[in-house]
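Asker: requesting a structural model of the entry that follows:
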Amino acid sequence: MAEKINYTRDWWENLSEAEKRHIDAGIADAENGRTVSAEEFWDKLKGQNEDLYS
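Answerer: Numbering: from 1, shown residues only. Here you go, the predicted structure:
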């Protein structure tokens with residue numbers, strides 16, 4: 001039987017080590033100014049989707 005998630009614990013404890021590293025890297029990027037605008041993000045995402053369906 002799969003382990004039941006205990007939602008009374010801190011949510012961070014429910015993450016895998018890979019998920020924690022990914023979040024930490026994103027925080028470090030933001031703290032160091034490595035961000036993109038929402039417009040740039042969506043433009044790039046739309047461009048990737050167009051490539052998938054071309």
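Asker: now the helix or strand encompassing Glu40: how far from the chain's centre is it?
Answerer: Using DSSP states H and E, Glu40 sits within helix 38-52. What separates the centre of helix 38-52 from the centre of its chain is 16 Å, taken as Cα atoms, centre = their mean, to the nearest Å.
Asker: only C-alpha atoms, please: export that helix in CSV.
Answerer: The C-alpha coordinates for helix 38-52 follow below in CSV (Å, rounded to 0.1, in the frame of the first residue of the first chain):
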residue,chain,number,x,y,z
ALA,A,38,5.9,37.2,-17.9
GLU,A,39,5.6,38.4,-21.5
GLU,A,40,8.9,36.9,-22.5
PHE,A,41,8.1,33.7,-20.7
TRP,A,42,4.7,33.3,-22.6
ASP,A,43,6.2,34.3,-25.9
LYS,A,44,8.9,31.6,-25.6
LEU,A,45,6.4,29.1,-24.4
LYS,A,46,4.1,29.8,-27.3
GLY,A,47,7.1,29.5,-29.7
GLN,A,48,7.9,26.1,-28.3
ASN,A,49,4.3,24.9,-28.7
GLU,A,50,4.2,26.2,-32.3
ASP,A,51,7.4,24.2,-33.0
LEU,A,52,5.7,21.1,-31.6
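Asker: need the contact partners of that helix.
Answerer: The contact list for helix 38-52 (Cβ atoms under 8 Å, 6 or more residues apart in numbering) reads Val36. All C-beta atoms are positioned from the backbone trio N, CA, C, and that covers glycine.
Asker: what ranges of the chain fall below the confidence cut-off?
Answerer: Along the chain, segments meeting pLDDT under 70 span 1-8, 49-54.
Asker: hmm, try it at 50
Answerer: Of all residues in the chain, none has pLDDT under 50.
Asker: check which helix or strand Ala25 maps to.
Answerer: helix 17-31.
Asker: since that was my last question, I'll sign off now.
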